[in-house]
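S.K.: 3D model of this:
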Amino acid sequence: MKQGTEKRVNIAEKRLINCHAVDVNQLMPLKYNWAWEHYLNGCANHWMPNEVPMGKDIELWKSNALSQDERHVIMRNLGFFSTAESLVGNNIVLAIFRHITNPEARQYLLRQGFEEAIHTHAFLYIVESLTLNHGEIFNMYNEINSIHKKDQFEMELTAAVLDPHFSTKTEEGARKFLENLIGYYIIMEGLFFYSGFAMILSFLRQNKMVGVGEQFQYILRDETVHLNFGIDLINGIKEENPHLWNAQFQTDIINKVKQAVELEIAYAEDCLPRGILGLTAPMFRDYVQYIADRRLERIGLKAVYRSKNPFPWMSETIDLGKEKNFFETRVTEYQSASNLTWS
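M.R.: As a prediction, this is how the structure comes out:
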């Protein structure tokens, strides 16, 4: 190109995958404004775990006020989330990012990758604050069957995409990539995370483990943006590549969601062998099925279960940003059980 000339970007040539006409580094002009809006929303939600006070949680955890069943729920969820967030982060960095050929979508993925690191940091911060056994928490994905099966389900969706020879240029490859996106955004972040959110936030609603609960509130707020971005990305790829969305693929996706629902119900039963805080395992069958229907509908598939939502208060929690300014509660002192004195 001669000096002084410009290469004009044709916005119509931008594509979410398999774009070869436009430089992936040229952000402007924006074509997918939704991707940029999700990026800005993510930036507006920024928080850090060690700005959440943990003193009350430490005091409660060291006391005899929590039942063994309550402790079991907390431990199981810390065990699941501590590795699940890493799986999502790895999928973004190692699988999704290199196959997305649109700069504004990549911009959001960079933001999401950082947020996954913050979430992993949050679980480490909780474990250290409560002086829990690191090995017990971080190895649950190997030792607890209900957690292992969920993680294994997700890793199977990533295996093909992580192959160094994988490409979205073929119809089979592009469809496998779309399956990966649905597996991680719709199932992992949109389904597997929400039972745990409901369990931990039930503690917060009763003013128990408030520091842990507050961090889960902020994680849930982040995950809501992740889910919305993922749905827009999936629907965008569908629109640009309608041949991928054939009847057999739709059936396969519905079957995977059904499989995920059963895995999540088994996880809820493991977390709640007996009822606590007004929660029972059967309630989570209804909740997981209700959530699954909502996720299916948002990517253009029909609801399967028609279950009712037993936790309508969860929608209020998602609107946290409208009700509470995080930075009004921020603290600078790192509080852990090891530096507090107990009588």
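S.K.: average model confidence for the top helix by length along the chain?
M.R.: Under DSSP state H, the helix in the chain containing the largest number of residues is helix 210-240. If you average the pLDDT over helix 210-240, you get 96.
S.K.: what do you get for stretch 33-51?
M.R.: Taken as a whole, stretch 33-51 has an average pLDDT of 95.
S.K.: Alpha carbons only: can I get it in CSV?
M.R.: Listed in CSV are the C-alpha atoms of stretch 33-51, where the atom choice follows Å, rounded to 0.1, in the frame of the first residue of the first chain:
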residue,chain,number,x,y,z
ASN,A,33,-22.5,-3.0,19.0
TRP,A,34,-23.8,-5.6,21.5
ALA,A,35,-20.2,-6.9,22.0
TRP,A,36,-18.9,-3.4,22.8
GLU,A,37,-21.9,-2.8,25.2
HIS,A,38,-21.1,-6.0,27.1
TYR,A,39,-17.5,-4.9,27.3
LEU,A,40,-18.5,-1.6,28.8
ASN,A,41,-20.9,-3.3,31.2
GLY,A,42,-18.2,-5.6,32.4
CYS,A,43,-15.9,-2.7,33.0
ALA,A,44,-18.6,-0.9,35.0
ASN,A,45,-19.0,-4.0,37.2
HIS,A,46,-15.3,-4.2,38.2
TRP,A,47,-14.6,-5.4,41.7
MET,A,48,-11.8,-7.2,43.6
PRO,A,49,-12.3,-10.0,46.2
ASN,A,50,-10.1,-8.6,48.9
GLU,A,51,-12.2,-5.4,49.0
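S.K.: Give the buried residues for that stretch.
M.R.: Residues 34-39, 41-42, 45, 47, 49-51 are the ones in stretch 33-51 that count as buried (16 or more other CB atoms under 10 Å). All C-beta spots, glycine's among them, are computed from the backbone N, C-alpha and C.
S.K.: Just send these back as TSV, with distance to Q215 too.
M.R.: Rendered in TSV, the data for these read as follows (distance: CB to CB, whole Å):
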residue	distance to Q215
W34	28
A35	27
W36	27
E37	25
H38	22
Y39	22
N41	19
G42	17
N45	13
W47	8
P49	6
N50	10
E51	10
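S.K.: Identify the residues contacting the most centrally placed residue in the chain.
M.R.: With the centre of the chain defined as its mean C-alpha position, the nearest residue by CA atoms, centre = their mean is E189, 3.2 Å away. With contact taken as CB atoms under 8 Å, 6 or more residues apart in numbering, E189 is in contact with V88, E223, H226, L227, G230.
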